[in-house]
Structures are given as structure tokens and as C-alpha cells.
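S.K.: next come a sequence and a model predicted from it.
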Amino acid sequence: DGGITQSPKYLFRKEGQNVTLSCEQNLNHDAMYWYRQDPGQGLRLIYYSQIVNDFQKGDIAEGYSVSREKKESFPLTVTSAQKNPTAFYLCASSIADATVWDTQYFGPGTRLTVL
Amino acid sequence: AQSVTQLGSHVSVSEGALVLLRCNYSSSVPPYLFWYVQYPNQGLQLLLKYTSAATLVKGINGFEAEFKKSETSFHLTKPSAHMSDAAEYFCAVLGGAQKLVFGQGTRLTINP
């Protein structure tokens, strides 16, 4: 089955620790995205990548880092510099073509809680 | 810059009643618009999308939305609500560099 997987589903972190969230897709999509979801605020874009070895900051990139070494994978690291990291994190992917838009497909999400 | 406003953070309807979830957009170019649904602790699932091919767009689960340029709206409707429709619904517009801009979401509750 083609799709997007995120792991783990639930993650607990102590203050001051870095933590990495996994996102893998087998849809052969070029573009991948990370969003943060907080109650009543919708989804906000953290980082996105349209091609391997390249990525751009979204609207709320401070305190986060990403890498894109493989087409299938786009891990997100929540660093200790992120002041309020407790949230639901969603990964998405889509075809990336400057002349053709396409739908973003979402993974099941990871709920991060800082203790 | 593109933006989306969803009117009403919480909508409650009776089972069998009409569902109407409101979305207004702002865009300097012809917009591409989406409605997604999210069930508790899950990712987002695409309900439908507007691509300028037709102003009335039909989606999954009996939902549809009508694009009205004069009103800058893309409201989501379903003629008869079902208990399984209870979820959070997000309207989004495609911004630059293939980035989606989301509204704040509307939580739909269905009363038996």
C-alpha cells in the first residue's frame, strides 16, 4: 500500500532534550512538508522540501531542523531551542512541479508532549 | 498573500440536518482551494478540491462545495448529516511554492 508513515505515534520528551520525528513516504513524491497543529490554530508550516538535499523554512521554523538525504524520508528534529514544543505534528507529501499543482497527502501524525 | 477564514470554530447540527461549514479566502490569483477532514488523533484526509474546472465540486462522503468568486467563498455542504461526520474540517488555499495555507478549522458535532 502506498502512503505516508510517521513514527512514533506518541512521543514524550523532557525539557532540554532534542527529539527526532520520522516521516517516510512510498508515493514517489518529490515534495514533503512538516506542519504543526495546535488547538484552534489550524496547521502551520514548519519546513518543506521540494527536492532531495534542499529544504526551505516555513512560517514557524525557529527551534526546528530537518534533513532530506533521501526522497522517501524527511525527518524533523525538535530542538531544545523550541520554547513550546508540545503539539501534534503532521507530515505531508505531494508531486512537485512548478507547472502543475497537486494534492498534499498527510500522514497519521505524531503527538509530542514535553514533560 | 493567500489566506483563509473559517467562520465558526464549532458547528453543531442534528443527525439528518443540513451541514454548512463556511470558508472565505483571499487570493491575488485564481485560487486552488481544498477541504480536508480530520478525525481525532489522525492525519488529514482530502474531502474535495477546486481547480477551476467547475464551480460546484463533489467530494467523498456526500460532501460538496461551491466556489463563488463574487463572494470569495468556498462553503462546504452536505444535505443530511450522519453521526460519522463528526470531525474537524479544514479549508485551505494553495499559496506560493505549493504551500497550503489553512484556516483555523471548524469542529462539527452531530446530535442524535
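M.R.: All right, it came through fine. Small disclaimer: the values here were computed from a predicted structure and weren't measured. Numbering: from 1, shown residues only, chains lettered A, B, ... in the order given.

S.K.: touching, residue A:68 and residue A:56? I think so.
M.R.: No. Using C-beta atoms under 8 Å, residue A:68 makes no contact with residue A:56, being 10.5 Å away. Heads up, the C-betas are built off the backbone N, CA and C, glycines and all.

S.K.: so for the nearest residue to residue B:111 once chain neighbours are set aside, what's the pLDDT?
M.R.: In this structure, residue B:111 finds its nearest non-sequential neighbour in residue B:14, 4.9 Å apart by C-beta to C-beta, 6 or more residues apart in numbering or on different chains. The per-residue pLDDT reported for residue B:14 equals 97.

S.K.: these two touch, right, residue B:14 and residue B:110?
M.R.: Yes. Between residue B:14 and residue B:110 there is a contact at 7.4 Å, judged by C-beta under 8 Å.

S.K.: more crowded one of these two?
M.R.: Taking other C-beta atoms under 10 Å in any protein chain shown, residue B:14 and residue B:110 do not tie; residue B:110 has more neighbours (19 against 10).

S.K.: what about that one, which SS state?
M.R.: Under DSSP: H, G, I helix; E, B strand; the rest coil, the three-state class of residue B:110 is strand.

S.K.: which strand residues sit across from it in the sheet?
M.R.: According to DSSP bridges, the partner residues bridging residue B:110 are residue B:13.

S.K.: please apply the same query to residue A:113.
M.R.: Beta bridges link residue A:113 to residue A:12, judged by DSSP bridges.
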